[in-house]
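> Can you look at this prediction? I've put the sequence above it.
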Amino acid sequence: MSTLKSILHETRVFPPNEKFVKQANLSGIQAYHNLYAEAERDLPAFWDKLARENIIWHKPFTRVLDESHHPFFRWFDDGELNVSFNCLDRHLATQPDKIAIIFEADDGKVTTATYRDLHKRVCQFANGLKSLGISKGDRVIIYMPMSIEAVVAMQACARIGATHSVVFGGFSAKSLHERITDAGAVAVITADEQHRGGKINHLKSAVDEALAMGGTGSVKSVVVYKRGQGNLALQVPRDVWWHELIKDQSDSCEPEWVNAEHPLFTLYTSGSTGKPKGVQHSSAGYLLGAIMSMQWVFDYKPTDVFWCTADVGWVTGHSYVTYGPLAVGATQVVFEGVPTFPDAGRFWKLIQDHKVTTFYTAPTAIRSLIKFGADLPGKYDLSSLRLLGSVGEPINPEAWMWYYTVVGKSRCPVVDTWWQTETGSHMIAPTPGAISLKPGSCTLPLPGIMAAIVDEAGHDVPDGKGGFLVIKRPFPSQARTLWGDPERFKKTYFPDELGGKYYLAGDSANRDLDGYFWIMGRIDDVLNVSGHRLGTMEIESALVASPLVAEAAVVGKPDEIKGEAIVAFVVLKGARPQGEDAHATVIELRNWVSGEIGPIARPDEIRFGDNLPKTRSGKIMRRLLRTLARGEEITQDVSTLENPAILEQLKQPVA
Ligand code: ATP
Ligand code: MG
């Protein structure tokens, strides 16, 4: 079986510039190799040292890694700590007046909180939660707009040892209901309204609807933050206003010291590949991953203004909004709105206004802004930027180049970070003062992350030949289990087919001769066309490289002769073509792909839409496209689908 590797033909290499290297936390490639080798020599000793240096322990641990209940690993498991203490109290002596959060609302209003403020607000709210009878081990659902209060709510849960489960504010009452009942939550923290892109979403009414669906008897309290006018009737005594709850509460709250393995949170995956999984994370190991990646990948400096655009409803918003930046004492921007409101310059204006140094967003956002042209970012002063990051999906080389040259003015490294809800923090990503970048590659694994590529039987494959992405050894920030379903955890991530040994990420990848990883898509997304293994990612990248194309998603459908035929769903930069025009564009794009990769990768069919079906975190849902490509009715779980109407458009092939 041969493998085509168009993106492996990507030859552009960007070594770190001298100025960046000089100031970097991990400076020069040798420093990276040394650290990686140190972890390889003695993995527990490597993490032992970092855990002692970077976490403040209430009771220091004496055991580092317990693998005896494989794959349910335990880290630092006789130690005690509190994650909120590690994010807030630790900074009170050294930098109480430093701004922790710059919050910009949808309408542009800016408010800030220093570390001292944030600490007080978390303590007050934590005391409020305690007054409701919430305590260690209880599960609390958080269904909030992006706000300082959302961070406060998460931190307050951590402070009292309650396990939070954040549900993205864009989810429906039905999805919320599923998560509330699955968690057996005792409380829901929400807001009257959410303001995004000038639209108002009534969160509290969705909570009421969810709680009326039954099976939610565990929920004793609903705390409502007043974001809007507060014109709603509370159901007393169940409901209480946030401001009423904290009114008479003390602003100091002794943290609940918990075991290192205490579940800090559970979080559902985004549902790209099926029914969402309730991923459960630990306290200490998770925190360590967030801290080390802030240092290694974001090259964190105390003078930085950090901005991760992810919602706290996703793991990215956990590790790189609520926990990582606060644990290292950063100043960060939290934004309520969307990139295109009031216009598509909003991100660039925010960077300019708040002098953002480190900007972390998703390929879907980048691709949607590319459509508006390079002039738009050019109108803003982006000179404060020093580092750019990408997460969530593979970033096509052309989108990477746009980000690098147009946004970063070829000055700022782009860190393409591969990781998952299940891994808690970055796994494969450049340490930007050490590693040369290649557009479209997430480069090399972080120190302590034993990433590899194996075949169906779990055997290593030679470099240059694709396979399953696995992580061979445990790492502190990995998920401990799936909430209430350890069997599914084992089956999904440590399947018997691979000998049960390695963590199976569910993505397929390729490693080039320099050891660089290229994510090719989900395992299910690899196509087999006449015996050639083709990653959907490579064909999509070829399409996006055409000047006509803004976004593309590629899937396979069964074909008697070739095994699989290639169906591409394409969003053009201009209007959706009709009739003759559509026909001509199809021919042009088929030839384009053929020229870029080879005739074998030429799409058999191309369909046009104004958009693609995406999860609410902005990822393309290829499993739905597979169904459409086959001409079948969609019967799968679509609870996390953002824009169902788009499916209609994509049903019909171009005549
Ligand atoms: P589900 O597991 O329910 O299908 P999901 O995998 O989309 O949902 P997440 O945990 O949010 O949920 O996403 C992790 C996945 O996102 C990775 O497995 C990978 O497929 C993709 N991904 C994230 N970052 C990158 C990246 N930098 N490059 C390539 N792919 C990425
Ligand atoms: Mg996944």
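Arrived safely. Ligands and ions are numbered 1, 2, ... in the order given.

> Can you read off the pLDDT for the residue of the stretch 451-600 of the chain found nearest ligand 1?
Residue of the stretch 451-600 of the chain nearest ligand 1, by C-beta to the nearest ligand atom: Ile519 (3.7 Å). C-betas here are computed from N, CA, C, even on glycine. The model reports Ile519 with a pLDDT of 94.

> Quick check: the gap between it and Thr443.
Distance of Ile519 to Thr443, given as C-beta to C-beta, to the nearest Å: 11 Å.

> and stretch 526-544, which residues are buried?
526-527, 529, 532-544 (16 or more other C-beta atoms under 10 Å).

> typo on my end, it should be stretch 352-372
With the criterion 16+ other C-beta under 10 Å, stretch 352-372 contains buried residues 352-370.

> that older thread, which ones among the buried residues of stretch 526-544 map onto strands?
Leu527, Val529, His532, Arg533, Leu534 (DSSP state E).

> Near ligand 1, which residues of the stretch 351-500 of the chain are found?
Listed as neighbours of ligand 1 in the stretch 351-500 of the chain under the rule C-beta under 6 Å from any ligand atom: Ser390, Val391, Gly392, Glu393, Pro394, Asp416, Thr417, Trp418, Gln420, Thr421, Cys442.

> one more time with 5 Å, if that's ok
Val391, Gly392, Pro394, Asp416, Trp418, Gln420, Thr421 (C-beta under 5 Å from any ligand atom).

> hang on, isn't the first one packed against Thr423?
No - counting by C-beta atoms under 8 Å, Val391 sits too far from Thr423 to count as a contact (11.7 Å).

> ok so Ile189 is a strand residue?
Yes - counting by DSSP: H, G, I helix; E, B strand; the rest coil, Ile189 is part of a strand.

> from the stretch 551-655 of the chain, which residue is nearest to ligand 1?
Lys619 (5.1 Å).

> Just the element for the residue with the largest distance to the centre of the chain, please.
Largest separation from the mean C-alpha position in the chain: Glu580, at 40.4 Å (C-alpha atoms, centre = their mean). Per DSSP states H and E, Glu580 falls inside helix 579-596.

> what's near enough to touch the residue positioned nearest the centre of the chain?
Central residue of the chain (C-alpha atoms, centre = their mean): Thr316, 3.7 Å from the mean position. Taking C-beta atoms under 8 Å, 6 or more residues apart in numbering, we find Thr316 in contact with Cys308, Ala310, Tyr360, Val391, Gly392.

> circling back: and the buried residues of stretch 526-544, which is closest to Ser477?
Nearest to Ser477 among the buried residues of stretch 526-544 is Met537, at 25.2 Å by C-beta to C-beta.

> Just confirm the residue of the stretch 551-655 of the chain closest to ligand 1 contacts Ala365, I think it does.
No - counting by C-beta under 8 Å, Lys619 stays clear of Ala365, with 11.6 Å between them.

> Now Val654, what are its backbone angles?
phi -70, psi 130 (degrees, to the nearest 10).

> burial count for it?
By other C-beta atoms under 10 Å, the residues close to Val654 number 15.

> counting contacts, what elements does the helix or strand bottoming out on mean pLDDT in the chain pack onto?
Using mean pLDDT, DSSP states H and E, strand 532-534 stands out as the lowest-scoring helix or strand of the chain, at a mean of 81. Under the contact definition 3 or more C-beta pairs under 8 Å, 6 or more residues apart in numbering; DSSP states H and E, strand 532-534 sits against strand 527-529.

> Please work out which residues outside the strand it packs on touch it.
Contact with strand 527-529 is made by 533-536, 554-556, 562-566, 600-601, as judged by C-beta under 8 Å, 6+ apart.

> Roughly how far does the residue nearest to Cys87 when sequence neighbours are not counted sit from Ala156?
Once flanking residues are discounted, Cys87 sits nearest to Leu326: 3.8 Å by C-beta to C-beta, 6 or more residues apart in numbering. From Leu326 across to Ala156, the span is 13 Å (C-beta to C-beta).

> out of the two, which sits in the more crowded spot?
Shown here are Leu326 and Ala156; by other C-beta under 10 Å, Ala156 has more neighbours (29 against 26).

> Is that one in contact with Cys87, as I believe?
No - using C-beta under 8 Å as the test, Ala156 is too far from Cys87 to be in contact (11.4 Å).

> Contact partners for the residue of the stretch 101-250 of the chain found nearest ligand 1?
Ligand 1 sits closest to Phe168 of the stretch 101-250 of the chain, with a gap of 10.9 Å, by C-beta to the nearest ligand atom. Phe168 makes contact with Asp311, Gly313, Trp314, Arg616, Ser617, according to C-beta under 8 Å, 6+ apart.
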